[in-house]
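Asks: Turn this into a structure:
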Amino acid sequence: MTTNVRVSCINKTFRHDPHIRIMNIGGIWTDSKRWKISQQQAISDIESGKFAFYVSANGKAARIVIAMHNGYKYIKTENDGLHPNNLLSLPECL
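Replies: So this is what the prediction gives:
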């Protein structure tokens, strides 16, 4: 069974390419505990069906999906086309 998990923060690398900027994603569980995982772990969790990540903005949810760019897997929101702006606009995780 897949668990839906809201992503509310990210950590970025210092690279400018939007396809390789995300290092970690994170959020807060329902019990108020913070969580943070690497982009690679998020990809693994999505591929295995363990978690389905999403972001929420202006009352709308956008699912996080895996994309490929120059042979490199990365995550983005499904509504963003080539640019993972919904993720990149989130605040930094602590």
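Asks: Looking at the protein, which helix is longest?
Replies: helix 39-48 (DSSP state H).
Asks: what's in contact with the helix or strand of the chain with the lowest mean pLDDT?
Replies: Least confident helix or strand, the chain: helix 85-88 with a mean of 80, by mean pLDDT, DSSP states H and E. Under the criterion Cβ atoms under 8 Å, 6 or more residues apart in numbering, residues 7, 10, 12, 18, 21-22, 25, 55, 57, 62, 64, 75-77, 79-80 lie in contact with helix 85-88. In this view, the C-beta of every residue, glycine as well, is placed from N, C-alpha and C.
Asks: ends of stretch 33-46, how far apart?
Replies: 21 Å (Cα to Cα, to the nearest Å).
Asks: Quick one: mean pLDDT over that stretch.
Replies: Averaging pLDDT along stretch 33-46 yields 97.
Asks: quick one: contacts of it?
Replies: Contacts for stretch 33-46 (Cβ under 8 Å, 6+ apart): 9, 11, 22-29, 51-53, 64-66, 73-75, 93-94.
Asks: Can you tell me which of those residues are buried?
Replies: 9, 11, 22-27, 51, 53, 64-65, 74-75, 93 (16 or more other Cβ atoms under 10 Å).
Asks: follow-up on the earlier one: go through the least confident helix or strand of the chain and flag the buried ones.
Replies: 86-87.
Asks: before we move on, the earlier item: helix or strand next in line after the longest helix of the chain, which one?
Replies: strand 51-57 (DSSP states H and E).
Asks: pull the CA atoms of that following strand into CSV?
Replies: The C-alpha trace of strand 51-57 is given here as CSV (Å, rounded to 0.1, in the frame of the first residue of the first chain):
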residue,chain,number,x,y,z
PHE,A,51,5.5,6.5,-0.9
ALA,A,52,3.7,8.9,-3.3
PHE,A,53,5.0,12.4,-2.6
TYR,A,54,3.2,15.6,-3.5
VAL,A,55,3.4,19.3,-2.9
SER,A,56,0.5,21.6,-2.2
ALA,A,57,0.2,25.2,-3.3
